[in-house]
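# need the 3D shape of this:
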Amino acid sequence: MTTLKSKLKEDLTAAIRERDELRSSTLRLTLTAISKEEVAGTSARELSDDEVQKVITREAKKRREAAEAFAQGGRAEQAAREKAEGEVLAAYLPQQLGDDELEQIVAAAVAEAKGAGAEGPRAMGQVMKIVNPKVAGRAEGGRVAATVKKLLAQG
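Residues are numbered from 1 along each chain as shown. From the prediction side, this is the model:
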């Protein structure tokens, strides 16, 4: 079984051979971010696939935010580049949850929290504790929080 990091390295080698500048630069930056994460802290360590996935998610989020900033600044070419880099990274991430799936998971968590006696906006923390492990890596935190707030306001 190959690890996610070794898959990234293999894909980087293939991208270089194919002279695919976008893929190779994106994968290089991502592998650099992974290496930085490995040597951060008190001692160097090898990251697990889950940790590598978190780094890739963080890098993809940076690309998304940069694309939005460039688009708002009227720099369409750079925005398109950032968007394309984000799509390259998205291929290494699990399929994102749709709005309907996310709402179902959150609704179940809200019901569970109400069963434990938590209601209204103050239940936000309890609901998030229930939901986060279920959607880890498959939905952005901001989306999850917005859905939780919406459903708590309804209930």
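
# which element is the residue positioned nearest the centre of the chain on?
For the chain, residue 57 is the residue whose C-alpha lies nearest the centre (Cα atoms, centre = their mean; 3.3 Å). Assigned by DSSP states H and E, residue 57 belongs to helix 49-72.

# in that helix, what's buried?
Across helix 49-72, burial judged by 16 or more other Cβ atoms under 10 Å covers 51-53, 55-57, 59-60, 62-64, 66-67, 70. Every C-beta, even on glycine, is put in place using the N, C-alpha and C of the backbone.

# following element in sequence after it, please.
Past helix 49-72, the next helix or strand by DSSP H and E is helix 76-90.

# centre of the chain to the very next helix or strand once past that next one, how far?
Downstream of helix 76-90, the first helix or strand assigned by DSSP H and E is helix 99-115. Its chain's C-alpha centre and that of helix 99-115 lie 21 Å apart, by Cα atoms, centre = their mean, to the nearest Å.

# export helix 99-115 as PDB, just CAs?
The C-alpha trace of helix 99-115 is given here as PDB (Å, rounded to 0.1, in the frame of the first residue of the first chain):
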ATOM      1  CA  ASP A  99     -25.200  20.400   1.200                       C
ATOM      2  CA  ASP A 100     -28.000  17.800   1.600                       C
ATOM      3  CA  GLU A 101     -25.600  15.200   3.100                       C
ATOM      4  CA  LEU A 102     -24.100  17.800   5.400                       C
ATOM      5  CA  GLU A 103     -27.500  18.900   6.600                       C
ATOM      6  CA  GLN A 104     -28.600  15.300   7.400                       C
ATOM      7  CA  ILE A 105     -25.500  14.700   9.500                       C
ATOM      8  CA  VAL A 106     -25.900  18.100  11.300                       C
ATOM      9  CA  ALA A 107     -29.600  17.500  11.900                       C
ATOM     10  CA  ALA A 108     -28.800  14.100  13.500                       C
ATOM     11  CA  ALA A 109     -26.200  15.800  15.700                       C
ATOM     12  CA  VAL A 110     -28.600  18.600  16.700                       C
ATOM     13  CA  ALA A 111     -31.200  15.900  17.700                       C
ATOM     14  CA  GLU A 112     -28.600  14.100  19.700                       C
ATOM     15  CA  ALA A 113     -27.500  17.300  21.500                       C
ATOM     16  CA  LYS A 114     -31.200  18.100  22.300                       C
ATOM     17  CA  GLY A 115     -31.500  14.700  23.700                       C
END
